[in-house]
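Engineer: model this:
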Amino acid sequence: MPPHEHRESSYYGTTPDDGGQQPFECDYLVIGAGCSGMSFVDTILTENAKATLILVDRNKGPGGHWVHAYPFCKLHQPSCNYGVNSTTLGKNINKKGNERYDTSDRATGQEVVEYYQEVREKFEATGRVRCFFSTEYVKFDNEKGVHAISHRNDSAVSNTGRTADGDGKIIEVKCHRKLVMVATNLQVQSMRKPSFPVHEDVSFVPIHALPESTKSGKFQNYIVFGCGKTGADAIVYLLRQGVDRSNITWIVSRDCWYFVRDNMKDFYPVNKLIMDPMIKGTSVRDTFLGYEANGLLGRLDNPNGDFPEIFKGPVMTLEEINLMRSVENVVRVGRASAVEKDRIVLERGTIDYESDSTLLVDCMAEGNYGLHFPQDLRIYEPGRITLGPLTVVFNASFSAAHIAFLECALDSDDAKNDCCYFIRGATAETVGKLEQLIGSFYLTNKSYEKLMKVPGGLKFLFQSRTNIMSPIHHKGGLPRLMWFVLGPEGGAKIEKILKKKVESKEFSDLDHCFGVETSGTVEKAT
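Structural biologist: Numbers count the residues shown, from 1 in each chain. Sure thing, here's the model as predicted:
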């Protein structure tokens, strides 16, 4: 790993309360203390023994959107590969102290927030990280050569987590290496207003208010907007609370697919369930029908027989999917455009309801929570790193750690960018298209190929707890992983077949290589 020059600096600077004028100094100024920002900081601390960092977040504490998560929210994925590499989150731990891959071991939202607070304290204990919360990034002052961040007192921070209007203390930061920005701007329902007008007399609430509202006894009927993971959780919650299914209306603007958790209990068979339909299918549609046939994916019953065209990775148990299917009043006439008193206006129709006895529950998401990036995005630029793109499928934690590792392991930004593959050019409207699951695995495999050629990359890949493939999480350890990769199951061979299939355009309904071809890095398919 090439050494970085370390700058001796007055890292802690002079606090504004002291009336001093000297800016704080650091090597990396990281904006965002959610999953990506925390994972990036953690890996930089591990891979660079001298780097100093300043971490800034608009919320009152670390955790990103988890700070605002609804009370019954839990991780989709096992806890063993979420968070940061240096600190365990899972509860299923073997005799060696390693977390097990366990699909039932999923931290609650509150546990995730507490976990990130623990991680924050570890960061600060190193003496190399300083945190500013209830603070937002303002701008770079070219004249002074410093970044400006604005701190508000907690009383000036709105319940959305964003700083309220008003005067705030400006803190100056001199950053010697790079500004690190989290580009996703992920917002859950409680952090934003609905995108359409809602009558002031209507009880229209984010999913976060559902427990309190159901306990109030005020509402007899419920209308749920959205059918992704949040909408599915709302439906399951209502049914488990004893709400009669006839009193639930579900507005499903676009049907989607759900992972079936029951069939994801052992990583290696799951990997085969994922890859086999990709290899055998002649089209993206055939691939998803293969997933449905092998039990990896499920969907709602649709009397029109429409084929779901959206998949963003929600994970439900089969019991939960059957509960969802039990709701008979499912409305499929597009997205809502207005909520009036006693009437909901949708793209292709309306719904009448009794506003006095009905709770309307907002479970909608715009795009895929900001996970869409322009075709020409470069993660590494002079003086800047952009976090957010997933270089590893469905894994923001390891993607950010991966980006931090490359920052320390390689010298040039071009070399670092050449190791990062991710979905490019998607928009809020096209994110979640079925083809992107194939693309995500194809691009992840290419990222892994490059990582394993970087000095220390293979060790980093195998030893990172946030990497779901890491042998530390699975029975049999490294020998079983190597058997899976090189033995009769042929994991490595399957990856090569998928690469050739995508680059040779062998899917009848897929005519591109997910933006890789425009960068000139597609090797001739062999």
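
Engineer: Tell me if I'm right that residue 314 and residue 236 touch.
Structural biologist: No. Look at residue 314 against residue 236 with CB atoms under 8 Å: they stay out of range, at 11.5 Å. From N, CA and C alone the C-beta is placed, and that goes for glycine too.

Engineer: Packing partners of the strand ranked longest in the chain?
Structural biologist: If you go by DSSP state E, the chain has its longest strand at strand 169-182. With contacts taken as 3 or more CB pairs under 8 Å, 6 or more residues apart in numbering; DSSP states H and E, strand 169-182 sits against strand 24-31, helix 35-47, strand 135-141, strand 146-151, strand 384-387.

Engineer: closest to residue 96 out of those?
Structural biologist: helix 35-47 (19.9 Å; CB to CB).

Engineer: Could you count how many residues lie near residue 351?
Structural biologist: Burial of residue 351 is recorded as 17 neighbouring residues (other CB atoms under 10 Å).

Engineer: quick one: what helix or strand has it in it?
Structural biologist: Using DSSP states H and E, residue 351 sits in strand 349-352.

Engineer: before we move on, what about residue 235?
Structural biologist: Element membership of residue 235 [criterion: DSSP H and E] is helix 229-240.

Engineer: Only the C-alpha atoms, please, for the helix or strand following that helix, written as PDB.
Structural biologist: Later in the chain than helix 229-240, the nearest helix or strand by DSSP H and E is strand 248-251. The C-alpha coordinates for strand 248-251 follow below in PDB (Å, rounded to 0.1, in the frame of the first residue of the first chain):
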ATOM      1  CA  ILE A 248     -57.500  -2.300   4.500                       C
ATOM      2  CA  THR A 249     -57.100  -0.800   1.000                       C
ATOM      3  CA  TRP A 250     -53.700  -1.100  -0.600                       C
ATOM      4  CA  ILE A 251     -52.800   1.400  -3.400                       C
END
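
Engineer: by contact count, what packs against strand 248-251?
Structural biologist: Partner elements for strand 248-251 (3+ CB pairs under 8 Å, 6+ apart): strand 221-225, helix 229-240, strand 330-331.

Engineer: go with 10 Å
Structural biologist: Under the contact criterion of 3 or more CB pairs under 10 Å, 6 or more residues apart in numbering; DSSP states H and E, strand 248-251 touches strand 221-225, helix 229-240, strand 330-331, strand 343-346, strand 358-362.

Engineer: Highest mean neighbour count out of those?
Structural biologist: The highest average neighbour count among the helices and strands packed on strand 248-251, using mean count of other CB atoms under 10 Å, belongs to strand 358-362 at a mean of 25.

Engineer: Show me what it pairs with in its sheet, parallel or antiparallel.
Structural biologist: Strand 358-362 has the following strand partners under DSSP bridges: strand 204-206 (parallel), strand 221-225 (parallel).

Engineer: which one of those strands has the lowest average pLDDT?
Structural biologist: Lowest mean pLDDT within these: strand 204-206, a mean of 93.

Engineer: would JSON lines of the helices and strands packed on strand 169-182 with distance to residue 293, mean neighbour count and mean pLDDT be doable?
Structural biologist: What follows is the helices and strands packed on strand 169-182, written out as JSON lines (distance: least, CB to CB, whole Å; neighbours: other CB atoms under 10 Å; pLDDT from 0 to 100):
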{"stretch": "strand 24-31", "distance to residue 293": "44", "mean neighbour count": "24", "mean pLDDT": "97"}
{"stretch": "helix 35-47", "distance to residue 293": "33", "mean neighbour count": "25", "mean pLDDT": "98"}
{"stretch": "strand 135-141", "distance to residue 293": "48", "mean neighbour count": "16", "mean pLDDT": "94"}
{"stretch": "strand 146-151", "distance to residue 293": "52", "mean neighbour count": "19", "mean pLDDT": "92"}
{"stretch": "strand 384-387", "distance to residue 293": "37", "mean neighbour count": "21", "mean pLDDT": "96"}
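
Engineer: how near is the residue most central in space within the chain to residue 62?
Structural biologist: What sits nearest the mean C-alpha location of the chain, by CA atoms, centre = their mean, is residue 396, with 5.1 Å. Applying CB to CB, to the nearest Å, the value for residue 396 to residue 62 is 14 Å.

Engineer: Can you list the buried residues in the strand holding residue 351?
Structural biologist: When neighbours are counted by 16 or more other CB atoms under 10 Å, the buried residues of strand 349-352 are found to be residue 351.

Engineer: Was I right to think residue 506 contacts residue 500?
Structural biologist: Yes. With contact defined as CB atoms under 10 Å, residue 506 reaches residue 500; the gap is 7.8 Å.

Engineer: If you count neighbours, what's buried in the longest strand of the chain?
Structural biologist: 171, 172, 173, 174, 175, 176, 177, 178, 179, 180, 181, 182.

Engineer: Let me see the contact set for the first one.
Structural biologist: Yep, that's residue 171 we're talking about. Counting by CB atoms under 10 Å, 6 or more residues apart in numbering, residue 171 makes contact with 13, 15-16, 23-24, 54, 56, 132, 135, 138, 146-151.

Engineer: please redo it, this time with the cut-off set to 7 Å
Structural biologist: Neighbouring residues of residue 171 by CB atoms under 7 Å, 6 or more residues apart in numbering: 16, 24, 132, 149, 151.

Engineer: What sits closest to the third one if chain neighbours are left out?
Structural biologist: Nearest non-adjacent residue to residue 132, counting by CB to CB, 6 or more residues apart in numbering: residue 56, 4.9 Å away.

Engineer: would you list every one of the helices in the stretch 301-450 of the chain?
Structural biologist: Using DSSP state H, counting those that start in this stretch, the helices of the stretch 301-450 of the chain run over 318-325, 396-409, 413-417, 435-451.

Engineer: where does this protein have its least confident helix or strand?
Structural biologist: In the chain, no helix or strand scores lower on mean pLDDT, DSSP states H and E than helix 477-486, which sits at a mean of 78.

Engineer: how long is stretch 302-314 from one end to the other?
Structural biologist: End-to-end distance of stretch 302-314 (CA to CA, to the nearest Å): 18 Å.

Engineer: Name the residues that touch it?
Structural biologist: In this structure, residues lying in contact with stretch 302-314 by CB under 7 Å, 6+ apart are 76, 228-229, 232, 254-259, 285, 299, 368, 394, 432-434, 437.

Engineer: Just the buried ones from those, in ChimeraX syntax?
Structural biologist: With 16+ other CB under 10 Å as the criterion, this ChimeraX line picks the buried residues out of the contacts of stretch 302-314:
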select :76,228,229,232,255,256,257,258,259,285,299,368,394,432,433,434,437
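
Engineer: what residues are up against the residue lying closest to residue 247 once chain neighbours are set aside?
Structural biologist: Nearest residue to residue 247 in three dimensions, chain neighbours excluded: residue 221, at 4.9 Å (CB to CB, 6+ apart). Applying CB under 7 Å, 6+ apart, we find residue 221 in contact with 247, 353, 354, 357, 358.

Engineer: contacting residues around the closest residue to residue 515 other than its chain neighbours?
Structural biologist: Nearest-residue entry for residue 515: residue 424, 3.4 Å, with adjacent residues in sequence omitted and distances by CB to CB, 6+ apart. Counting by CB under 7 Å, 6+ apart, residue 424 touches 373, 375, 377, 514, 515.

Engineer: From these, pick the one nearest residue 29.
Structural biologist: Closest to residue 29 out of the contacts of residue 424 is residue 377 (19.8 Å), distances taken as CB to CB.

Engineer: related to what we said a few turns ago, go through the contacts of residue 221 and say which is closest to residue 206.
Structural biologist: Using CB to CB, the contacts of residue 221 come closest to residue 206 at residue 358, 15.9 Å.

Engineer: State the distance from residue 410 to residue 450.
Structural biologist: Relative to residue 450, and taking CB to CB, residue 410 is found at 10 Å.

Engineer: With distance to residue 309 and pLDDT added, can I get the buried residues of strand 169-182 in a markdown table?
Structural biologist: Listed next are the buried residues of strand 169-182 as a markdown table, based on distance: CB to CB, whole Å; pLDDT from 0 to 100:
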| residue | distance to residue 309 | pLDDT |
| --- | --- | --- |
| 171 | 47 | 92 |
| 172 | 49 | 95 |
| 173 | 45 | 96 |
| 174 | 49 | 97 |
| 175 | 43 | 97 |
| 176 | 47 | 97 |
| 177 | 43 | 97 |
| 178 | 39 | 98 |
| 179 | 38 | 98 |
| 180 | 35 | 98 |
| 181 | 32 | 94 |
| 182 | 29 | 90 |
